[in-house]
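# Model the following, please.
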Amino acid sequence: MTGRPRHLVRFKPYQRLMHLVLMVCFLGLAATGLPLLFSDSTWAASLARAFGGFEASALLHRFFATGMLLCFAVHVGELLYRLVAKGERSLLWGPSSMVPQPADLVQMYGHVRWFLGLGVRPHFDRYTYWEKFDYWAVFWGMFIIGGSGLLLWFPQAFSTFLPGWIFNVALLIHGEEALLAVGFIFTIHFFNGHIRPEKFPMDMVMFTGQVSEDELRRERPAEYERLVREGRLDTLAVPPEPDWVSTGGRVVGTTAVAIGLLLLVFILRGFFG
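Down below sits the predicted model:
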């Protein structure tokens, strides 16, 4: 590693794979669902025709929904295994937990003060408050959007014990909540992950699984100091990923961001055009 910054593992290969599957399925759901939601717009008909028509778009929508539900089920199964079988209580509390904690509120307040030039930037640990918000938003979406989607997918089965009006409610919830999720991901999440000045034009961590030591020290000083204190920093050191991994990640990431921003333009046209 002579003369080159040392790289540290942040995400394991299977975590990167899960994120990739989630990303592809989300983009697929957005691209096939928006034409159905804005079916009276000219761009919606054109986009639907690109998928083979509205009927084909609906079929692809269910395909991507299945992929996302399977991804979610695998992740929840892994969490339960680690928590129950392996007894990893650190999943529920501490610096490696995605569970919101009082320190997150303190850091959010400090971050706003920093934005306004009234204080210093908080010392973030492994996960920031906005990353935890993103994470739990997926759980909310799976139950609200996924649950209402299943009602609409299998109306005959659910109508045997549910009243008819519930399907009208499910249709409204599914569309509005999905639109909220798409709008959030293509604005707030994209900004935090890729467009903010420190990361522009692309944060590669979910593609390479690693960060430079300098970046970790600068962006997450609390985690860096904790790893040094615990003597674990050297155990995370790895050689930089091959160039083809970084290049492939940039291509995939740039394509995803471009598709997301294009769909955001379509949404705005659907509302105001």
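# count of neighbours near Pro95?
16 (other Cβ atoms under 10 Å). Glycine gets a C-beta too; all of them are placed from N, C-alpha and C.
# how about the strands in this structure?
All strands of the chain, identified by DSSP state E, fall at 7-9, 210-212, 237-238.
# list the contacts for the closest residue to Glu198 other than its chain neighbours?
The shortest distance from Glu198 to any non-neighbouring residue, by Cβ to Cβ, 6 or more residues apart in numbering, is to Glu219 (7.1 Å). Applying Cβ atoms under 8 Å, 6 or more residues apart in numbering, we find Glu219 in contact with Phe124, Glu198, Val211.
# re earlier: can I get the strands of the chain in a markdown table including distance to Phe271, mean neighbour count and mean pLDDT?
As requested, the strands of the chain are exported to a markdown table (distance: least, Cβ to Cβ, whole Å; neighbours: other Cβ atoms under 10 Å; pLDDT from 0 to 100):
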| stretch | distance to Phe271 | mean neighbour count | mean pLDDT |
| --- | --- | --- | --- |
| strand 7-9 | 43 | 19 | 92 |
| strand 210-212 | 38 | 19 | 91 |
| strand 237-238 | 46 | 14 | 90 |
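# export these to JSON lines and tack on distance to Gly141?
Shown next, in JSON lines, are the strands of the chain (distance: least, Cβ to Cβ, whole Å):
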{"stretch": "strand 7-9", "distance to Gly141": "29"}
{"stretch": "strand 210-212", "distance to Gly141": "27"}
{"stretch": "strand 237-238", "distance to Gly141": "33"}
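# Any idea which of these gets closest to Arg49?
Ranking the strands of the chain by proximity to Arg49 (Cβ to Cβ) places strand 210-212 first, at 41.7 Å.
# and Thr247, how many neighbours does it have?
Residues near Thr247, counting by other Cβ under 10 Å: 11.
# so what's Ala30 closest to, chain neighbours aside?
Per Cβ to Cβ, 6+ apart, closest to Ala30 is Val182, 4.9 Å.
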